[in-house]
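1. Task: produce atomic coordinates for the following.
(chains A, B, C and D)
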There are 4 protein chains.
Amino acid sequence: MLTLEQRVYYEDTDAGGVVYHSQYLNFMERARTEWLRSLGFSQHVLREDLQVLFVVHRIEIAYKKPARLDDVLQIQTEITKIGHGSMKCQQVIRRGDTLLIDATVNIACVHAETFKPIGIPPRIKLALERS
Amino acid sequence: MLTLEQRVYYEDTDAGGVVYHSQYLNFMERARTEWLRSLGFSQHVLREDLQVLFVVHRIEIAYKKPARLDDVLQIQTEITKIGHGSMKCQQVIRRGDTLLIDATVNIACVHAETFKPIGIPPRIKLALERS
Amino acid sequence: MLTLEQRVYYEDTDAGGVVYHSQYLNFMERARTEWLRSLGFSQHVLREDLQVLFVVHRIEIAYKKPARLDDVLQIQTEITKIGHGSMKCQQVIRRGDTLLIDATVNIACVHAETFKPIGIPPRIKLALERS
Amino acid sequence: MLTLEQRVYYEDTDAGGVVYHSQYLNFMERARTEWLRSLGFSQHVLREDLQVLFVVHRIEIAYKKPARLDDVLQIQTEITKIGHGSMKCQQVIRRGDTLLIDATVNIACVHAETFKPIGIPPRIKLALERS
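-> Got it, this is the predicted structure:
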C-alpha cells in the first residue's frame, strides 16, 4: 500500500467550483505510477526494458464528496488481486479523515508496441506479490 | 438517444500513442451536455434559471479498444432510469463499427450552490421521460 | 484562413468560472490541425507518410476577455510567414464580435522520430503557400 | 525566487511521445501558486479574504527542448516587475542542467467576482517586493 499526496490546482477544477470528475482518474494514475516506481518499475523501465504497458481495463468509481481548490488529497493504492495478465487495485482518495473517492481499477498487462495482452513479467509479479 | 461525433486531437492522446483513459470521461460529458441541450437545458439554464447541477455520482467504464490520434468517435447517450433525484445513463463510444468504450454513468441532481441532493425539477424530468 | 467553431464544456473551465488559460492553446491546436487537414494533411499523413511533426516553437498569447461555460468560440488561423523549416501563424479566438484571444504561434517542422529540425516537405509548402 | 519540482505523468504527454505543449502552462501555474503560498497567500486567502484573483494577461513562451514521461522538472519563478495592478514573472523549466522552457508571464490583479482590474492589495504588494 502506498499513499501519494497531491495538491488541487486551478487546472483540476471546473466552473462548478470543485475538482472536475475525470481529474480523479489522473490523480489515481499518478498514485499507481509512484507505487510501481517504489517497487523499482518506472514507466521507462516497464516500456523500454520490459516492453510492457499497464493499461486500464475497467474502472468502477464512486464520487462520495467533492474536492476543492487548494485541498491536499491523499491517494491510496492497494493491490487486491494479481492474475496471469491482469491485476485489480483498490484506490481511495481522502482529504484528511473525509473519504472523497472510492474506486476499483482493473489493469491489464499489454505489449508496449502491439497492445496485445501478455502475462505480467515474473519479476514484476514477484515484486507485486511481496509488496 | 443522441450521438455526438468528436475528433481525437493530440491533447487527448498520451505517450502510449492512444487516447488517455480519463479523456473518455470528458467525451462522455460533452455528449451528455449536448443531449441535455437538445432537450432545451443548457448548462446555463440548469445553473442560473433552475439552480441545479447534474453531478456524476458513480461510473462503471469498460475499455474495450483504444482510440487513436485523428479518429472520429461516435459517443452515444441513452437514459436507462430516472429516479426522484438521480438518473442512470448508458454511454458507448464507437469508431464506426468498433466498440471502444462501454459505460454506465449515475448522475445525481444537486443544488448549484450547496451541492446538496435535490429532486430533479419537474420540467426536466418530463423532458427526460419523453426523450 | 480557416475558422473552427468549438463549444466550451465544463472540462475547459476552472473554479474562477472561466476557461482555464492553458485550454486556449488546445483550442488553437485543434484549429491548426483542422486547417492542415483542409489542405490534405492529417496528423496521420504528416507522421506516417511524410515522417514530420509540426511542433510549437514559440507562442505569444494575449488574453483579452474570458470565455465561459457554454460559449461557442470561433478560432481563426492564418499563416503569416513560411520559411524553410518553420512557419508563423496568427490565431484569434472570438465569441461573436468579441475578441477574446490574440496569439502568434511559431511552428517548427521536425522529424517524427528524432525531433530534429528539417525542411518543410515541398508538397506541404506548396499547399501552404497556395492556401 | 522559488523552484517547484514536478514529475511528468502519462496525462501530461501526447502521442508525439513528449509533454503536450499547453501542459507547461499548467506546470508554471502550479509553481506560481506555490510561490504565492510560500508568501502566505493561498488561492483561498486571495479569493475569499482579499477577493482578488491573479489572472494571466499575456504569456510569451519559448519551447527549447521537449520533456518526456517520468522526467522530473524544476520550475523556477521569479518576479521581475510589480506595478499598481499587475506584475511580470520570469519562469523557466529545467530538467537538471537542460533548459526546456523560457517564459514571461504577465499577471493582472482582478476582482474575484467582477473580473474588473483592481490594484494589488498592499499587504500582497509588500510581501512580493520583499520576496
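2. what is the mean pLDDT for the lengthiest strand in chain A?
-> Of all segments of type strand in chain A, defined using DSSP state E, the longest is strand A:98-111. The average pLDDT within strand A:98-111 is 97.
3. ditto for stretch A:59-72
-> For stretch A:59-72, the mean confidence score works out to 97.
4. Now tell me what touches that stretch from outside.
-> Stretch A:59-72 is contacted from outside by A:5-10, A:12-13, A:17-19, A:21, A:24-25, A:73, A:93, A:95, A:98-106, B:21, B:55-61, B:115, C:15, D:42-44, D:47, using CB atoms under 8 Å, 6 or more residues apart in numbering or on different chains. No exception for glycine: its C-beta is placed from N, CA and C like everyone else's.
5. Got phi/psi on the most far-flung residue of chain A relative to its centre?
-> Largest separation from the mean C-alpha position in chain A: residue A:15, at 25.8 Å (CA atoms, centre = their mean). Backbone torsions for residue A:15, taken as degrees, to the nearest 10, come to phi -70, psi -10.
6. Buried ones among the contacts of stretch A:59-72?
-> A:6, A:8-10, A:12-13, A:17-19, A:21, A:24-25, A:73, A:93, A:95, A:100-106, B:21, B:55-59, B:61, B:115, C:15, D:42-43, D:47 (16 or more other CB atoms under 10 Å in any protein chain shown).
7. does residue A:24 sit in a helix or strand, and which one?
-> helix A:23-38 (DSSP states H and E).
8. for chain A, what helix or strand is lowest in average pLDDT?
-> Lowest by mean pLDDT, DSSP states H and E among the helices and strands of chain A is helix A:43-44, with a mean of 83.
9. Now tell me what touches the helix holding residue A:24 from outside.
-> Helix A:23-38 is contacted by residues A:2-4, A:6, A:12, A:42-43, A:46, A:54, A:56, A:59, A:61, A:63, A:67, A:73, A:75-77, A:89, A:91, A:93, A:100-101, A:103, A:105, A:107, A:131, B:21-22, B:25, D:7, D:9-11 when judged by CB under 8 Å, 6+ apart.
10. Please narrow those residues to those residing in helices.
-> The helices, defined by DSSP state H, take in A:43, B:25 from the contacts of helix A:23-38.
11. now stretch A:67-76, how far from the centre of its chain.
-> Stretch A:67-76 sits 15 Å away from the centroid of its parent chain (CA atoms, centre = their mean, to the nearest Å).
12. now the residue farthest from the centre of chain A: how far from residue C:75?
-> Distance, residue A:15 to residue C:75, by CB to CB, to the nearest Å: 20 Å.
13. Could you do residue A:20 as well?
-> Using CB to CB, one gets 22 Å for the distance from residue A:20 to residue C:75.
14. try residue A:127
-> Applying CB to CB, the value for residue A:127 to residue C:75 is 47 Å.
15. Compare neighbour counts for these two and give me the winner.
-> Remark: of residue A:127 and residue C:75, residue C:75 carries more neighbours, 25 against 15, as counted by other CB atoms under 10 Å in any protein chain shown.
16. contacts for the least confident helix or strand of chain A?
-> For helix A:43-44, the external contacting residues (CB under 8 Å, 6+ apart) are A:33, A:36, D:10, D:69-70.
17. can we see that at 6 Å?
-> Contacts of helix A:43-44 from elsewhere in the structure, counted by CB atoms under 6 Å, 6 or more residues apart in numbering or on different chains, are D:69-70.
18. Kindly report the same for stretch A:118-131.
-> A:39, A:41, A:50, A:79, A:82, A:84-85, A:109, A:111.
19. just the residues you listed that are near chain B?
-> Among the contacts of stretch A:118-131, none lies close to chain B by the criterion of CB under 6 Å from any CB of the partner chain.
20. how many neighbours does residue A:26 have?
-> Per other CB under 10 Å, the neighbour tally for residue A:26 reads 21.
21. How much space separates it from chain C?
-> Remark: distance between residue A:26 and chain C (CB to the nearest CB, to the nearest Å) = 12 Å.
22. now swap in residue A:84 and tell me
-> 34 Å.
23. dump the residue contacts of that residue.
-> residue A:119.
24. same check, this time on the one 4 residues further on
-> Residue A:88 makes contacts with A:80-81, A:106, as judged by CB under 6 Å, 6+ apart.
25. Just the pLDDT for it.
-> Looking at residue A:88, its pLDDT reads 97.
26. The residue nearest to it when sequence neighbours are not counted - how many residues pack around it?
-> Leaving out its chain neighbours, the residue that sits closest to residue A:88 by CB to CB, 6 or more residues apart in numbering or on different chains is residue A:81, at 4.0 Å. Neighbours of residue A:81 under the rule other CB under 10 Å: 11.
27. Is residue A:81 part of a helix or strand, or is it coil?
-> Residue A:81 falls in the strand class when you classify it by DSSP: H, G, I helix; E, B strand; the rest coil.
28. Show the model's pLDDT score for it.
-> According to the prediction, residue A:81 has pLDDT 96.
29. Residue A:52 too?
-> 93.
30. Near it, how many other residues are there?
-> Residue A:52 sits with 20 neighbouring residues when counted by other CB under 10 Å.
31. Counting only strands, which of the contacts of helix A:23-38 make the cut?
-> Mapping these onto strands (DSSP E) picks out A:2-4, A:6, A:54, A:56, A:59, A:61, A:63, A:73, A:75-77, A:89, A:91, A:93, A:100-101, A:103, A:105, A:107, D:7.
32. contacting residues for the closest residue to residue A:116 other than its chain neighbours?
-> Using CB to CB, 6+ apart and skipping the chain neighbours, the partner closest in space to residue A:116 is residue A:110 (6.2 Å). By CB under 6 Å, 6+ apart, the contact set of residue A:110 is A:53, A:55, A:117.
33. And the first one, how far from residue D:73?
-> For residue A:53, the distance to residue D:73 under the criterion CB to CB works out to 23 Å.
34. Also the last one?
-> Plainly put, residue A:117 is 33 Å away from residue D:73 if you go by CB to CB.
35. For the closest residue to residue A:58 other than its chain neighbours, which residues are in contact?
-> Excluding its sequence neighbours, the residue lying closest to residue A:58 (CB to CB, 6+ apart) is residue A:106, at 4.1 Å. Residue A:106 makes contact with A:57-58, A:88, according to CB under 6 Å, 6+ apart.
36. Roughly how far does residue A:106 sit from residue B:68?
-> Distance from residue A:106 to residue B:68, counting by CB to CB: 22 Å.
37. Likewise for residue A:120?
-> 25 Å.
38. Who has more neighbours out of the two?
-> Of the pair residue A:120 and residue B:68, residue A:120 is the one with more neighbours under other CB under 10 Å, namely 21 against 16.
39. now the residue nearest to residue A:58: how far from residue A:80?
-> 10 Å.
40. Residue A:98 too?
-> Residue A:98 is 23 Å from residue A:80, by CB to CB.
41. cool, residue A:121 as well?
-> According to CB to CB, residue A:121 and residue A:80 sit 20 Å apart.
42. of these two, who's got more company?
-> Neighbour tally, residue A:121 and residue A:80, criterion other CB under 10 Å: the higher count belongs to residue A:121, 16 against 10.
43. for that one, phi and psi?
-> Dihedral angles of residue A:121 (phi, psi; degrees, to the nearest 10) stand at phi -50, psi 140.
44. can you check residue A:86 too?
-> Here is the backbone geometry of residue A:86 (degrees, to the nearest 10): phi -150, psi 170.
45. Run through the residues that contact the nearest residue to it once chain neighbours are set aside.
-> With CB to CB, 6+ apart as the criterion, residue A:86 has its nearest non-adjacent residue at 4.8 Å, and that residue is residue A:108. By CB under 6 Å, 6+ apart, the contact list for residue A:108 reads A:55, A:57, A:86, A:117.
46. do the same with residue A:56
-> Residue A:56 is in contact with B:21, B:63, counting by CB under 6 Å, 6+ apart.
47. Now with 10 Å, please.
-> A:25, A:28-29, A:32, A:89, A:105-108, B:20-22, B:24, B:61-63 (CB atoms under 10 Å, 6 or more residues apart in numbering or on different chains).
48. From those, pick the one nearest chain C.
-> Lowest distance from chain C to those (CB to the nearest CB) belongs to residue B:22, with 10.0 Å.
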